[in-house]
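Visitor: sequence below, structure please.
(one chain, ligands or ions: 1)
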Amino acid sequence: MQPVGAVAPLRVDIAEKTFRSAQGVSVTALKDLSFEVRHGEFACLLGPSGCGKTTTLRILLGLEKDFTGSFRLPGGEHNRVAAVFQEPTLLPWRTVEENIRLALPKSLRQTDLDSLFQTLGLSTMRSLYPSELSLGLARRVALARAFATEPAVLFLDEPFVSLDEQTAERLRYLLLSVWSARPTTALMVTHNVREALMLSDRIIVLSPRPGHVRGVFDVRLPRQYRNPQVMSDLGRSFREKFADVL
Ligand SMILES: Nc1ncnc2c1ncn2[C@@H]1O[C@H](COP(=O)(O)OP(=O)(O)OP(=O)(O)O)[C@@H](O)[C@H]1O
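Guide: As a prediction, the model looks like this:
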């Protein structure tokens, strides 16, 4: 299936992003950060703590305007952007289904969400309220909401942190299922090398702060062949290449 709406790659060329405190202290988070995520590709941004991964996503989402450089989001029939953060940010007084429908553009408000709910194992939870959901379920709803908008590009910022490993693993598989059913260009921030190797077409590895691209690791293998032995081999070659970064 072709990715929805998007035809161009995501292109990022951030010359510099510096934070300045009121006391005059400067922190340069990013310097000469350039990379591309190809049309329909799932990429991970991986790097040491504080190297500017979240800052990069915030710039791409238009939440940080004070930087030098440029970026180009994938376009096409539309240029909708969706994001999934660590906090699911659901409206507490709305049901699961209402939370999702309210996020949709008018043209999609009445769309049939059955298959999406089914893929994410949410079919029986449509009328629950966020307070009735575990964190793992709330994260599933956040994924459903993001994919329901049929975005041209999807940004994810560590969507599986602070979950027990079993729940996180189930969510990784659910993410792969929903992404395969509704492919879109995706960029996910993670600290977790195994997670990146499991989900990505390519891993963009950042240097310590100020973050720039230290190297790119292509995972050319189709995901169904990434069995435990293959994952362990991939992990070894990844660590050999990037031992100095992580
Ligand atoms: N609003 C801000 N004001 C000042 N400094 C900031 C601000 N946001 C981020 N920084 C600094 O910019 C640098 C990059 O932060 P960022 O959160 O992007 O890193 P990260 O790679 O996502 O880190 P982590 O992996 O720990 O989440 C850090 O040194 C951080 O302290």
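Visitor: distance of the most centrally placed residue in the chain from Thr68?
Guide: What sits nearest the mean C-alpha location of the chain, by Cα atoms, centre = their mean, is Leu156, with 2.3 Å. Distance, Leu156 to Thr68, using Cβ to Cβ, to the nearest Å: 26 Å. C-beta coordinates here come from the backbone N, C-alpha and C atoms, glycine included.
Visitor: same check, this time on Pro159
Guide: According to Cβ to Cβ, Pro159 and Thr68 sit 29 Å apart.
Visitor: same deal with Leu199?
Guide: The gap separating Leu199 from Thr68 is 31 Å, by Cβ to Cβ.
Visitor: settle it for me: which of the two has more neighbours?
Guide: Leu199 (25 against 12; other Cβ atoms under 10 Å).
Visitor: and the helices in this structure?
Guide: Along the chain, the segments classed as helices by DSSP state H run 53-60, 96-102, 114-119, 135-148, 165-181, 193-199, 228-242.
Visitor: buried ones in the second one?
Guide: Going back to what we said before, that points to helix 96-102. Of all the residues in helix 96-102, those buried under the rule 16 or more other Cβ atoms under 10 Å are Val96, Glu97, Asn99, Ile100, Arg101.
Visitor: out of the residues you listed, who's nearest Thr18?
Guide: The nearest member of those to Thr18, counting by Cβ to Cβ, is Asn99 at 36.4 Å.
Visitor: tally of neighbours for the spatially closest residue to that closest one that is not a sequence neighbour?
Guide: Excluding the flanking residues, the one nearest Asn99 by Cβ to Cβ, 6 or more residues apart in numbering is Leu90, at 4.9 Å. Here the number of neighbours of Leu90 (other Cβ under 10 Å) works out to 21.
Visitor: assess the claim that Leu90 and Pro130 are in contact.
Guide: Yes: between Leu90 and Pro130 a contact is recorded at 4.1 Å, counting by Cβ atoms under 8 Å.
Visitor: which neighbours do these two share?
Guide: Shared contacts of Leu90 and Pro130, defined by Cβ atoms under 8 Å, 6 or more residues apart in numbering, comprise Val96, Asn99, Ala138, Val141.
Visitor: return the residues of the protein in contact with the ligand.
Guide: 19, 27, 29, 47, 49-55, 191, 209 (Cβ under 6 Å from any ligand atom).
Visitor: and with 8 Å instead?
Guide: Contacts of the chain with the ligand, taken as Cβ under 8 Å from any ligand atom, map to 19-21, 27, 29-30, 47-56, 58, 157-158, 189, 191, 206, 209, 211.
Visitor: gap between the residue nearest to Asn99 and Leu174?
Guide: Between Leu90 and Leu174 the computed distance is 17 Å (Cβ to Cβ).
Visitor: and what of Val7?
Guide: Distance of Val7 to Leu174, given as Cβ to Cβ: 27 Å.
Visitor: quick one: low-confidence parts of this structure?
Guide: Scanning the chain for pLDDT under 70 picks out 1-6, 76-78, 245-246.
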